[in-house]
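Trainee: Build me a model:
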Amino acid sequence: MALAATADKIENDSPGVNIMPPTVFYACLILGGILEFFFPYDFPVLSRPARIVLGSLIGGVGFAFMAAAHERFKRIGTNVPTNLPATTFVVQGAYNYSRNPMYVGGSAFFLGIGLAIGSLWMLAAYIPLGLYLDLYVIPREEAYMERVFGDEYRTYCSRVRRWL
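Mentor: Numbers count the residues shown, from 1 in each chain. Just a heads-up that it's a prediction; the model follows:
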């Protein structure tokens, strides 16, 4: 009986992040859009065409990086949601460059949008998302990965950066 309880506990183990990062991403994106709508403030650092090109490039590369990491999880068959257990330790593809490529890519996508539309509010709305990821989500995920994958994960951390 104790063995079944232990197996059940391991099977249901997860980082315990129940508010999914995409939910916070969309909430911050909407917040930035609402603030921009009601209190428009142009970001006058670059010319409009330069902002659009640079923001689109940053956002597009970020989206591709995020999508590649997400697709790698799906292809391997491990869980993407942060409230489900990791079934496989993924170190290939985008995970060779970042321990959190979905967050790096999503952050670049978010900031690229803000830059492309020239919205200081949109850029500022990233701050709560960045703090949420860096101070809450990633530490919980890292503690979980270390608990589950041990030395293999610690070795990986020593050679691959958290962000980029």
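
Trainee: Could you find the closest non-adjacent residue to the spatially most central residue of the chain?
Mentor: Of all residues in the chain, the one closest to the mean position by CA atoms, centre = their mean is residue 103, 1.7 Å from it. Nearest residue to residue 103, sequence neighbours excluded (CB to CB, 6 or more residues apart in numbering): residue 133, at 5.1 Å. Every residue, glycine included, has its C-beta placed from N, CA and C.

Trainee: hang on, the earlier thing: output the contacting helices and strands for the helix or strand hosting the residue nearest to the centre of the chain.
Mentor: Assigned by DSSP states H and E, residue 103 belongs to helix 101-117. Other helices and strands packing on helix 101-117, by 3 or more CB pairs under 8 Å, 6 or more residues apart in numbering; DSSP states H and E, are helix 21-38, helix 48-76, helix 120-132.

Trainee: how much does the first one deviate in direction from helix 101-117?
Mentor: Helix 21-38 runs at 10 degrees relative to helix 101-117, counting by axes from the mean of the first three to the mean of the last three CA atoms, to 10 degrees.

Trainee: Tell me how confident the model is about helix 21-38, as a mean pLDDT.
Mentor: When pLDDT is averaged over helix 21-38, the result is 96.
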